[in-house]
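Visitor: A predicted structure for the sequence below; I have some questions about it.
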Amino acid sequence: MAGDAIARAMGGKIVTTRPTFDKNWSRCLYMVTTPGSDRQRGYTVWLAPAADFEDMKPYIEEPITPAGLGDGAYISRDKGDGRFTISVLMRGQQTISTTGETAESARKVAEAVLVVLRNKPS
């Protein structure tokens with residue numbers, strides 16, 4: 001389950017999972033608490049068609065390409081809420097976008113989701 005993997009990656013415990021599905025994409029918000037804190041932190045995972053990876057780029061401000069994720073990846077920061085989004089391409093399969101309060105947390109969530117998806121039976 002992706003929620004458990006995300007909680008482990010963040011060193012915490014899953015509190016709430018809120019999935020949303022459409023015919024072409026899905027989104028899930030994972031609320032996680034970390035040891036010693038009651039504060040919940042939200043991490044969002046979007047799964048979309050592979051073509052969305054390139055289609056989203058014109059709408060992203062200041063993309064930076066991190067190394068070693070999927071078949072391509074870029075990270076950006078939303079000027080409105082300050083959260084970071086990392087988008088990863090799994091060529092021929094899908095685009096994965098994850099959010100976090102920091103670039104590092106968005107990357108940890110993306111890495112956890114990639115592990116889950118790569119180990120998922122077809």
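Guide: Everything's here; your move. Residues are numbered from 1 along each chain as shown.

Visitor: other SSEs contacting the longest helix seen in the chain?
Guide: Longest helix of the chain, by residue count under DSSP state H: helix 103-119. Judged by 3 or more Cβ pairs under 8 Å, 6 or more residues apart in numbering; DSSP states H and E, the packing partners of helix 103-119 are helix 2-9, strand 40-49, strand 73-77, strand 84-90, strand 94-100. Where you see a C-beta, it was placed from the backbone N, CA and C, and this is true even at glycine.

Visitor: got a list of contacts for the last one?
Guide: Surrounding strand 94-100, the residues in contact under the criterion Cβ atoms under 8 Å, 6 or more residues apart in numbering are 42-53, 56, 70, 83-90, 106-110, 113-114, 117.

Visitor: and that strand with helix 103-119, angle?
Guide: 150 degrees (axes from the mean of the first three to the mean of the last three Cα atoms, to 10 degrees).

Visitor: Please apply the same query to the shortest one.
Guide: Note on geometry: by the same axes, to 10 degrees, strand 73-77 and helix 103-119 are set 150 degrees apart in direction.

Visitor: average pLDDT across strand 73-77?
Guide: The pLDDT scores in strand 73-77 average 88.

Visitor: beta partners for residue 85?
Guide: Assessed by DSSP bridges, residue 85 has beta-bridge partners residue 76, residue 99.

Visitor: what's the burial count for it?
Guide: Counted with other Cβ atoms under 10 Å, the neighbours of residue 85 add up to 21.

Visitor: now it: how far from residue 66?
Guide: Per Cβ to Cβ, to the nearest Å, residue 85 is found 12 Å from residue 66.

Visitor: Quickly list what's touching both of these two.
Guide: residue 75.

Visitor: who's in contact with the closest residue to residue 56 other than its chain neighbours?
Guide: Sequence neighbours aside, residue 87 is the residue nearest to residue 56 in space, at 6.3 Å (criterion: Cβ to Cβ, 6 or more residues apart in numbering). Going by Cβ under 8 Å, 6+ apart, residue 87 touches 53, 56, 60, 73, 74, 75, 76, 95, 96, 97.
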